[in-house]
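> Generate a structure from the sequence data that follows.
(one chain, ligands or ions: 1)
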Amino acid sequence: MEEFFRVALELIEASERHEVYRGEECINLIASEGLKSPAVREMLSLTMDLESRYAEGENDLRGHVKKRYYQGQKYISVIEDCTTELMKMLFKCSWADVRLVSGTHANLATFKGLSMATKSRKMVVAPLSAGAHISHDYTGLAGMVLGLENIEHAYDVERMNIDPDRSAQIIRAAKPGIVTFGGSLFLFPHPVKELSEVAHEVGAYIVYDAAHVLGLIAGGAFQDPLREGADFMTASTHKTFPGPQGGVVLADLKDERMEKAIKSVQYAIFPLSTSNTHLGRLPATGIAALELKIYGEALAKQTVRNAQTAGQYLYENGLKVLGERYGFTMSHQLAVDVREYGGGKRVSEALEEANIILNRNLLPYDDQNNRENPSGIRIGFQDVTRRGFYESDIKYLCDLMLDVIKGRRKPEEVRKDVIALRREHSEIKYGFQSIKEAIEHLQKSLKGI
Ligand SMILES: Cc1ncc(COP(=O)(O)O)c(C=O)c1O
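Reported below is the predicted structural model:
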């Protein structure tokens, strides 16, 4: 009993300390994480009853609730349908499913659904070390859970991008059921337009994994995959899309080919891979969509500008920032080769001591099994941008990073400056400060229409 109580106390204390440490004292540069506005957080706290509920069942071809196997759904169905509609309108498409609890789940259901629809096990993907997510890979979900066979896109390391000409040949020869684009190390728009015709010619569906760049797509600052020929877009709802942790799949129901695929993906969602769909996140996901509708363009532009500013500055100060000939990045991320400074593990751990949080990362020329000490680090700017960092703050942050990476100052010394910089940026921009503010904005806008 005593041990049980001691552990419970430790749990509470660690949770409280975590909120202060990561929420108030660290600068977050993990590219796969997002920052929620006060309104999104408030919405989450207002919808705690949903956290206890179930809503299993089928949806129709608009993505709306069709049939539910539980009672008490009067408002739950409205909540799910409204969230689906907001996502459809934001991404200008005619079908969406918000029942996925994560980006990995969105990939699971989409890959499963499409492999059933095409009766093919072959999937063309980017190599893991060139940025594909583990869920695309034969060593992860795609191979080990779904039994899919990976065929790799050709990758151009210099351009940090898929090589469209060589990949076209690969797709033609392999005749896969699925061709994927998008990834976790994702600096430049992938050649969806260039490869959509050949993928469709061989009967493949194109799945664009927008987990990292969903918010940038909403803001019109990256590519627009569904207009460029992608059939499905899968994503997390908590990275550059600044909502609660969850997932989404989006598509356009244009013809019979898509109807067959959407039905199959829906079947892979329910009954194959969901029971509880974590309903408590849905209203807050909708608020995040509303924020992107209003502030998304400015947020996405500044995020990319901040990443490019940091790329140029770190490069000018001697770091090997990848993608140099192409402006370093067109997304929220940078990739930096830090072998000269001890590799990704040493550098990310030293920065962590200074309360600058980012992750080590495989680079395209790394052995893909060397995840322990890869050559690179990945730096994401979506969080600091939402905290109101502009170019001068970004350069100062880069100076602090350079101090640590180059060993000019001890990480413990730099930490004081990091905490001070973080505290200067407490307000979260490009969003609502409360649900009341969101409602007032909506009412005023509706009156003006
Ligand atoms: C490209 C990509 N797809 C999918 C995922 C998985 O998303 P989730 O963590 O929501 O399962 C990630 C995670 O970072 C990712 O980078």
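
> Please count neighbours and contacts with C-alpha atoms only from this point.
Noted.

> Quick one: name whatever helix or strand follows the top helix by length along the chain.
Criterion DSSP state H: the longest helix present in the chain is helix 282-316. The helix or strand immediately downstream of helix 282-316 is strand 320-321, counting by DSSP states H and E.

> on contacts alone, who are the packing partners of that following strand?
helix 282-316, strand 333-337 (3 or more CA pairs under 8 Å, 6 or more residues apart in numbering; DSSP states H and E).

> which of these sits most buried?
strand 333-337 (a mean of 25; mean count of other CA atoms under 10 Å).

> Let me see the mean pLDDT of that strand.
The average pLDDT within strand 333-337 is 98.

> Partner strands of it, with direction?
Here strand 333-337 is paired, per DSSP bridges, with strand 320-321 (antiparallel), strand 376-380 (antiparallel).

> What is the subsequent helix or strand relative to that strand?
helix 343-353.

> which residues touch that following helix?
The contact list for helix 343-353 (CA atoms under 8 Å, 6 or more residues apart in numbering) reads 337-338, 341, 357-361, 372-377, 401, 404-405, 411-412, 415.

> Surely Glu51 touches Pro283?
No: Glu51 lies out of contact with Pro283 (CA atoms under 8 Å); the separation is 11.3 Å.

> quick one: which of the helices and strands packed on strand 320-321 is nearest the ligand?
strand 333-337 (11.6 Å; CA to the nearest ligand atom).

> mind listing what Val265 touches?
Val265 neighbours (CA under 8 Å, 6+ apart): Ala109, Thr110, Phe111, Lys112, Gly113, Leu114.

> SS state for it?
With DSSP: H, G, I helix; E, B strand; the rest coil as the basis, Val265 sits in helix.

> which stretch of helix or strand covers the closest residue to it other than its chain neighbours?
Nearest residue to Val265, sequence neighbours excluded (CA to CA, 6 or more residues apart in numbering): Gly113, at 4.0 Å. Assigned by DSSP H and E, Gly113 belongs to helix 103-118.

> Show me what that helix packs onto, helices and strands only.
Helices and strands touching helix 103-118, by 3+ CA pairs under 8 Å, 6+ apart, are strand 178-181, strand 205-209, strand 232-236, strand 247-251, helix 256-269.

> That one and the ligand, are they touching?
Yes: judged by CA under 6 Å from any ligand atom, helix 103-118 comes into contact with the ligand at Gly103, Thr104.

> Can I get the contacts of Val265 in JSON lines including distance to Ala31?
Shown next, in JSON lines, are the contacts of Val265 (distance: CA to CA, whole Å):
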{"residue": "Ala109", "distance to Ala31": "24"}
{"residue": "Thr110", "distance to Ala31": "24"}
{"residue": "Phe111", "distance to Ala31": "24"}
{"residue": "Lys112", "distance to Ala31": "27"}
{"residue": "Gly113", "distance to Ala31": "29"}
{"residue": "Leu114", "distance to Ala31": "29"}
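
> before we move on, back to that, quick one: average pLDDT of the longest helix of the chain?
98.

> now for it, which elements pack on it?
helix 38-46, helix 74-90, helix 214-218, strand 320-321, strand 333-337, helix 382-386, helix 391-405.

> Figure out which of these is closest to the ligand.
helix 214-218 (10.3 Å).

> Give the buried residues for that closest one.
For helix 214-218, the neighbour count (16 or more other CA atoms under 10 Å) marks Leu214, Gly215, Leu216, Ile217, Ala218 as buried.

> wait, what's in contact with the closest residue to the second one other than its chain neighbours?
When the adjacent residues along the chain are set aside, Gly215 lies closest to Phe241, with 4.1 Å between them (CA to CA, 6+ apart). Going by CA under 8 Å, 6+ apart, Phe241 touches Gly34, Val213, Leu214, Gly215, Leu216, Ala288, Ala289, Leu292.

> so Leu195 touches Arg166, yeah?
No: taking CA under 8 Å as the definition, Leu195 is not a contact partner of Arg166, at 10.3 Å.

> Stretch 236-256: end-to-end distance?
27 Å (CA to CA, to the nearest Å).
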